[in-house]
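Student: please find the sequence and the predicted model below.
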Amino acid sequence: FKSVSERGYWAKWLTSAHKDYIREDYDSALIKYCRASDQGYEMAQSNAAWLLGKDHVVYHPFEDRHLASLHHLEKAALQGNVDAHRMIGDHYYYGLSGGGNNNNTPDYEQAARHYTLAGEQKNAHANFNLGFMHQHGVGLPFDLHLAKRFYDLALE
């Protein structure tokens, strides 16, 4: 149903945004992706988040582009986008989300939570990140056996 619903007239927004991106008109692409994102289109949510995370976008109607990116990723994750969970985890891991305390410090607990959600869906990158966190005791208990387990899952 999702696939069919994303083929309507609004697909022109996505096509137009993609053409803008190819022409390197990133600001126009972002505006169109944000519009489609607000309508609930998961691909637009992911693309808007990605563009907001890049330095070549000049215009953005948000005070903090990383928080805006996180907003779009959260909407995509709610629609089942597994990689969005991994990217949300990255936002928390690197302190790009405000870490829940508005001072851009990492929130490893939230990072691990989102990496786990993505890892449960066989996301190799998320499982690698969980392995790294266990190997180095960052936000998760230092545990080399669990680290190896997650690294092995990442290889599958």
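Tutor: Ah, there it is. Here the structure is a predicted model, which means the values were calculated and not measured. Numbering: from 1, shown residues only.
Student: does Y151 touch N129 like I think?
Tutor: No: counting by C-beta atoms under 8 Å, Y151 sits too far from N129 to count as a contact (10.4 Å). C-betas here are computed from N, CA, C, even on glycine.
Student: those two: which is more packed in?
Tutor: In this comparison of Y151 against N129, neighbours counted by other C-beta atoms under 10 Å, the higher total goes to N129 at 25 against 17.
Student: contacting residues for that one?
Tutor: With C-beta atoms under 8 Å, 6 or more residues apart in numbering as the criterion, the residues that contact N129 are R86, G89, D90, Y93, A111, Y115.
Student: pretty sure A17 contacts S37?
Tutor: No: with contact taken as C-beta under 8 Å, A17 and S37 are classed as non-touching, separated by 10.0 Å.
Student: what do these two both touch?
Tutor: Any residue near both A17 and S37 by C-beta under 8 Å, 6+ apart counts here, and that gives A44.
Student: where does the prediction get shaky in this structure?
Tutor: Low-confidence regions of the chain, defined by pLDDT under 70, span residues 1-10, 59-63, 98-103.
Student: show me the helices in it, by range?
Tutor: Counting by DSSP state H, the chain has these helices, from start to end: 2-5, 11-22, 26-38, 42-52, 65-78, 82-93, 108-119, 124-136, 144-155.
Student: what's the burial count for L30?
Tutor: L30 has 27 nearby residues by other C-beta under 10 Å.
Student: please apply the same query to V58.
Tutor: Under the neighbour criterion other C-beta under 10 Å, V58 is assigned a count of 8.
Student: check contacts around the nearest residue to Y21 once chain neighbours are set aside.
Tutor: Taking C-beta to C-beta, 6 or more residues apart in numbering as the measure, Y21 lies nearest to A29, with 4.1 Å between them; neighbours along the chain are not counted. In this structure, A29 makes contact with A17, H18, D20, Y21, N47, L51, judged by C-beta under 8 Å, 6+ apart.
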